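**Q** this one's structure only:
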């Protein structure tokens, strides 16, 4: 009796894509635990065939500039995040939590862009054609030039692109797509990498914009290999709470625009609606007579947005005080608490401190330091901050106030929203180039800033 030939297998990390001949509890590439999954080793093909979509080398001087023209989207907010529209031949990955609005936004854009001279192919691997039609009817979307393809196989998707000849393609989602040439399951590192690579090849050789919907892990990272984020031209992340109305689309990577741009949307019965004035939305329900409330101005790409920062300081009922930061950098908040304790004499070490950025916006820049520090001090003293003042400035470890960027844009937004005073660092006073009707209070330390705004 002949012995059965055993197929060769390898172990692939589902986090970083590293390969190993043996299983290990910890990935040798990224040190992730229990991420190695056994897959069949790919068999090298002896046939050398010309790729289906082969590109020709072109001299730089002969490339037509109109190839870089952008396609304006239906949503101005989406247009802003993309850097001015959809670039021809670009591959964009849109990721976010389940139910956040990824498919809704892309179906709205696909239906809005489709017309007789602009065919759109929407590949859905998670829904049937009937389910997609029901969702489109609920959103009030009707189009004769939007083609729905319920397909999970890569070859079927590429064949549909050949038949339909679309000018725009949406794949929802890349984790459901699989190639029959690989034996691994859909969503694995090998499948996601191979399918994305072939779609990118089609996009570049045909000058065809392709949008990919991506899943995220429970930690919030894009599911699949990290190399997927490097392969695409742009990575857009949906942020916000599914239970709230507002959604934020943030540009994390963009080869054709700013990497800090955001778009703000409101989820309605008819889908996602643009929010043209986010500052007004984030300040609508602000209580000006309450302590622990400060207004800061965060630059998101080229857009200044006014956001309310709330703090609540209370006596701790436990041996270890609680520290909670929503929408803010937790370590940054810890540092500001240390500055309050050491430099300004506020005894917050034994207090519970809760800090929150209202509206679901994630504030990462250091220009919000002064507002966070002032809101904590206000809550601890139970004294209201000046409701007509915004606070700008980075706080150093010695309590000094450091300059922030784009001071003119921030002051202009504050003036437009009706604020009368701005507390800024002394270093920014010379950088103001436009006339403002807002009162400027330039200080050099956080302690002096609190003296100005605490009532």
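**A** Yep, it's here. This structure is a prediction, so every number in the text was calculated from the model and none was measured.
**Q** what's the spacing between residue 157 and residue 9?
**A** Between residue 157 and residue 9 the computed distance is 28 Å (CB to CB, to the nearest Å). Yep, even glycine has a C-beta here, placed from its N, CA and C like the rest.
**Q** which one's more surrounded, the two?
**A** Between residue 157 and residue 9, counted using other CB atoms under 10 Å, residue 157 has the larger neighbour count: 21 against 13.
**Q** give the contact list for that one.
**A** Listed by CB atoms under 8 Å, 6 or more residues apart in numbering, the contact set of residue 157 reads 123, 149, 151, 171, 177, 199.
**Q** which element is it on?
**A** Residue 157 is part of helix 154-164 when elements are defined by DSSP states H and E.
**Q** may I see the buried residues of that helix?
**A** Across helix 154-164, burial judged by 16 or more other CB atoms under 10 Å covers 154, 157, 158, 160, 161.
**Q** residue 315 against residue 352, yeah?
**A** Yes - at 7.2 Å, residue 315 and residue 352 qualify as touching, with contact defined as CB atoms under 8 Å.
**Q** between those two, which has more neighbouring residues?
**A** residue 352 (17 against 8).
**Q** now do stretch 330-342: everything it contacts.
**A** By CB under 8 Å, 6+ apart, stretch 330-342 touches 323, 325, 346-349, 353, 355, 366, 369, 372-373, 376-377, 395, 397, 399, 446.
**Q** just the helices from the stretch 251-400 of the chain, written as ranges.
**A** Using DSSP state H, counting those that start in this stretch, the helices found in the stretch 251-400 of the chain span residues 278-283, 330-342, 369-381.
**Q** returning to what we had before: after the helix holding residue 157, heading C-terminal, what element do we hit next?
**A** strand 168-172.
**Q** buried residues of stretch 144-151, list them for me.
**A** For stretch 144-151, burial by neighbour count (16+ other CB under 10 Å) applies to 145, 146, 147, 148, 149, 150, 151.
**Q** rewinding a little: as CSV, the helices of the stretch 251-400 of the chain with distance to residue 272 and mean pLDDT would be great.
**A** As requested, those are exported to CSV (distance: least, CB to CB, whole Å; pLDDT from 0 to 100):
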stretch, distance to residue 272, mean pLDDT
helix 278-283, 14, 90
helix 330-342, 30, 96
helix 369-381, 29, 96
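**Q** name the stretch among those that sits most buried.
**A** helix 369-381 (a mean of 26; mean count of other CB atoms under 10 Å).
**Q** mind checking how far that one is from the chain centre?
**A** Centroid displacement of helix 369-381 relative to its chain, using CA atoms, centre = their mean, to the nearest Å, is 28 Å.
**Q** how much does that helix deviate in direction from helix 330-342?
**A** Interaxial angle of helix 369-381 relative to helix 330-342 (axes from the mean of the first three to the mean of the last three CA atoms, to 10 degrees): 60 degrees.
**Q** may I ask which helix or strand of this structure has the lowest mean pLDDT?
**A** Sorting the helices and strands of the chain by mean pLDDT, DSSP states H and E puts strand 36-40 at the bottom, at a mean of 77.
**Q** what comes up buried for that one?
**A** So strand 36-40, judged by 16+ other CB under 10 Å, has buried residues 36, 37, 39.
**Q** and for stretch 407-415?
**A** For stretch 407-415, the neighbour count (16+ other CB under 10 Å) marks 407, 410, 411, 412, 413, 414, 415 as buried.
**Q** narrow these to those in strands?
**A** Residues of the buried residues of stretch 407-415 located in strands (DSSP state E): none.
**Q** quick one: low-confidence ranges for this structure?
**A** Low-confidence segments of the chain (pLDDT under 70): 1-7, 41-55, 65-68, 241-243.
**Q** domains of it?
**A** As recorded under automatic domain parsing, the domains making up the chain are 9-40, 68-276, 280-453.
**Q** show me what counts as buried in the shortest one.
**A** Okay, so that is domain 9-40. Buried, per 16+ other CB under 10 Å, within domain 9-40: 10-18, 27, 29, 35-37, 39.
**Q** can you pull the contacts of the nearest residue to residue 175 once chain neighbours are set aside?
**A** Leaving aside its chain neighbours, residue 175 sits nearest to residue 187 (4.3 Å; criterion: CB to CB, 6 or more residues apart in numbering). By CB under 8 Å, 6+ apart, residue 187 lies in contact with 175, 176, 215, 223, 224.
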